[in-house]
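Student: Mind folding the following:
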Amino acid sequence: MRIVPLSSVPHHASQITDWLWQAFGAGTTREFYHSIVSSSLNGADLPVTFVALDKRDTPLGTIGFWRCDLISRQDLWPWAAALYVEPAARGQGVSEALQQHVVAFARERGHQQIWLWSTFAGYYERFGWEFTGEALEFPDQRVRVYMQALKPDTASAGQ
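Tutor: Numbering: from 1, shown residues only. I've put the predicted structure just below:
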C-alpha cells in the first residue's frame, strides 16, 4: 500500500467524491463533496486529500488535511477529516496508515497539534488521539473532538 496526494492521481477524484458523499453526505448533494475534492486538486496548501492505493493502483481509503472541519470550532486547525476506508479493505491497517500519514504531514509542516471530530467513542483513542471535549456540528449534532499533539520527528531532525 502507498499513500499519495489525490493531486498526483486525479483520475480517482470521482471515486473519492462518491465515497465521501455516501459516507458523510446525509442531507447534502454530491456536488458539495465534488467541490471539496476539487479544491484539493488546485495546488494550494490546504485542503489536501490523501488516497491509499494498493499495488494495482486501486483506492483503498482516503483522509483529508483541512483548515476547518467543524464550524463551531474554527479556533482549532488543522484537521484530519473525512477518513474513509473501502469496506473490503477494512481491518487491514488502512485507517491507521492514513491517520499516521496525515499526522506526519502536519508535523512536517510545523504544526503543534492536529484535530479531528467523531460522532462515536472508542476508536480514535486506539491510535493516539486524545478526547478533548464535545462540540456542535452544524446545526445541532453533539460530536467528540480529538487532538493529537505533534512532537518533532527526532529521527529526521538531524538529516
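Student: Which residues does stretch 13-28 contact?
Tutor: Residues outside stretch 13-28 that contact it (Cβ atoms under 8 Å, 6 or more residues apart in numbering): 6, 29-30, 32-34, 36-38, 41, 49, 51, 59, 62, 82, 84, 86. C-betas here are computed from N, CA, C, even on glycine.
Student: Only the buried subset of the residues you listed, as a PyMOL command please.
Tutor: Buried residues among the contacts of stretch 13-28 (16 or more other Cβ atoms under 10 Å), as a PyMOL selection:
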select buried, resi 6+33+34+36+37+41+49+51+59+62+82+84+86
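Student: Looking at the contacts of stretch 13-28, which are in strands?
Tutor: Taking DSSP state E as the definition of strands, those contribute 49, 51, 59, 62, 82, 84.
Student: So the fourth one sits against residue 50, correct?
Tutor: Yes: contact status for residue 62 versus residue 50: in contact at 6.5 Å, counting by Cβ atoms under 8 Å.
Student: Need the residues touching each of those two.
Tutor: 6, 98.
Student: Tell me who's in contact with residue 135.
Tutor: 70, 72, 73, 117, 142, 143, 145.
Student: Can you flag which of those residues belong to strands?
Tutor: Among the contacts of residue 135, the members found in strands (DSSP E) are 117, 142, 143, 145.
Student: In the chain, where is pLDDT below threshold?
Tutor: Scanning the chain for pLDDT under 70 picks out 153-159.
Student: now residue 100: how far from residue 63?
Tutor: Separation of residue 100 from residue 63 (Cβ to Cβ, to the nearest Å) stands at 10 Å.
Student: Repeat that for residue 36.
Tutor: Residue 36 is 13 Å from residue 63, by Cβ to Cβ.
Student: Now list whatever residues contact both of the two.
Tutor: residue 82.
Student: Need the max-distance pair from the ones in strands among the contacts of stretch 13-28.
Tutor: Longest distance between any two of those is 13.5 Å, between 59 and 82; criterion Cβ to Cβ.
Student: show me what contacts the nearest residue to residue 96 once chain neighbours are set aside?
Tutor: Excluding its sequence neighbours, the residue lying closest to residue 96 (Cβ to Cβ, 6 or more residues apart in numbering) is residue 127, at 5.9 Å. Counting by Cβ under 8 Å, 6+ apart, residue 127 makes contact with 95, 96, 99, 100.
Student: and the last one, that's in a strand?
Tutor: No: counting by DSSP: H, G, I helix; E, B strand; the rest coil, residue 100 falls outside a strand, being helix.
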